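> return atomic coordinates for the entry below.
(2 chains)
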Amino acid sequence: DAKTTQPPSMDCAEGRAANLPCNHSTISGNEYVYWYRQIHSQGPQYIIHGLKNNETNEMASLIITEDRKSSTLILPHATLRDTAVYYCIVRARDSWGKLQFGAGTQVVVTP
Amino acid sequence: DVKVTQSSRYLVKRTGEKVFLECVQDMDHENMFWYRQDPGLGLRLIYFSYDVKMKEKGDIPEGYSVSREKKERFSLILESASTNQTSMYLCASSSRAGTIYFGEGSWLTVV
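Numbering: from 1, shown residues only, chains lettered A, B, ... in the order given. The predicted model follows:
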């Protein structure tokens, strides 16, 4: 079973911020939170990851709560090309390739 | 930019054929992975390799083999393709304990 819980779908207006929540209440101390997205028929694309501090890169920001039981991915200015399924994953860095993708959140960005 | 390249995006093969799926990464990563992704079943690890000529079975290795003769190249082989191997195949790579990056995927149909 996936170790994360995400809403199944979310709509967002183009140009607005998209805030994607993820619950990971059973996360272990050595597990990171990773976010990927998958556009239809393509491979998953890495977005961002973090351990306990908030992180930002050119694609998105990641906010992790102090107890690490949940996180939020923020797409600051959504575009139509951000329409995709977004996956939140928890993973220990030494876990090799055993990624558990849940059902993810289908994000639809509308004009 | 990170680059994982899969040789074929779409293939149609006949039952019993031998199928080769090739993957190349240009990031000098030690680890390489092969997954398959099916609706409702998520991402499943077939095989991974942590060094040249080294391989480890993942969760569903039956019916598959792999080859890693060079660090940058990891091949997935279906010795005798069957219809239940119709799927999207994803190659990925990572540094020793780093982020996993995926290729664009290969859609295989076995008829």
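
> how many residues are close by A:His77?
Counted by other Cβ atoms under 10 Å in any protein chain shown, the residues lying close to A:His77 total 10. Yep, even glycine has a C-beta here, placed from its N, CA and C like the rest.

> list the contacts for it?
With contact taken as Cβ atoms under 8 Å, 6 or more residues apart in numbering or on different chains, A:His77 is in contact with A:15-17.

> from these, pick the one nearest chain B.
Nearest to chain B, judged by Cβ to the nearest Cβ, of those is A:Ala17 at 24.2 Å.

> so residue 91 bridges to which residues?
As the question left the chain open, I've gone with chain A. A:Tyr32 (DSSP bridges).

> let's do chain B instead
B:Trp34.

> what's near enough to touch it?
B:4, B:6, B:21, B:23, B:25, B:32-35, B:74, B:76, B:102-103, B:106.

> that older thread, so which of the contacts of A:His77 are in helices?
The helices, defined by DSSP state H, take in nothing from the contacts of A:His77.

> save those as CSV, and put in neighbour count, pLDDT and distance to A:Thr79 too.
Below are those laid out as CSV (neighbours: other Cβ atoms under 10 Å in any protein chain shown; pLDDT from 0 to 100; distance: Cβ to Cβ, whole Å):
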residue, neighbour count, pLDDT, distance to A:Thr79
A:Gly15, 11, 96, 8
A:Arg16, 13, 96, 10
A:Ala17, 12, 97, 12
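
> tabulate those (a markdown table), appending distance to A:Gly102.
Listed next are these as a markdown table, based on distance: Cβ to Cβ, whole Å:
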| residue | distance to A:Gly102 |
| --- | --- |
| A:Gly15 | 28 |
| A:Arg16 | 25 |
| A:Ala17 | 23 |
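
> of these, closest to A:Tyr32?
Using Cβ to Cβ, A:Ala17 is the member of the contacts of A:His77 that sits closest to A:Tyr32, with 23.5 Å.

> which residue is the nearest non-sequential neighbour of the closest one?
A:Pro76 (5.4 Å; Cβ to Cβ, 6 or more residues apart in numbering or on different chains).
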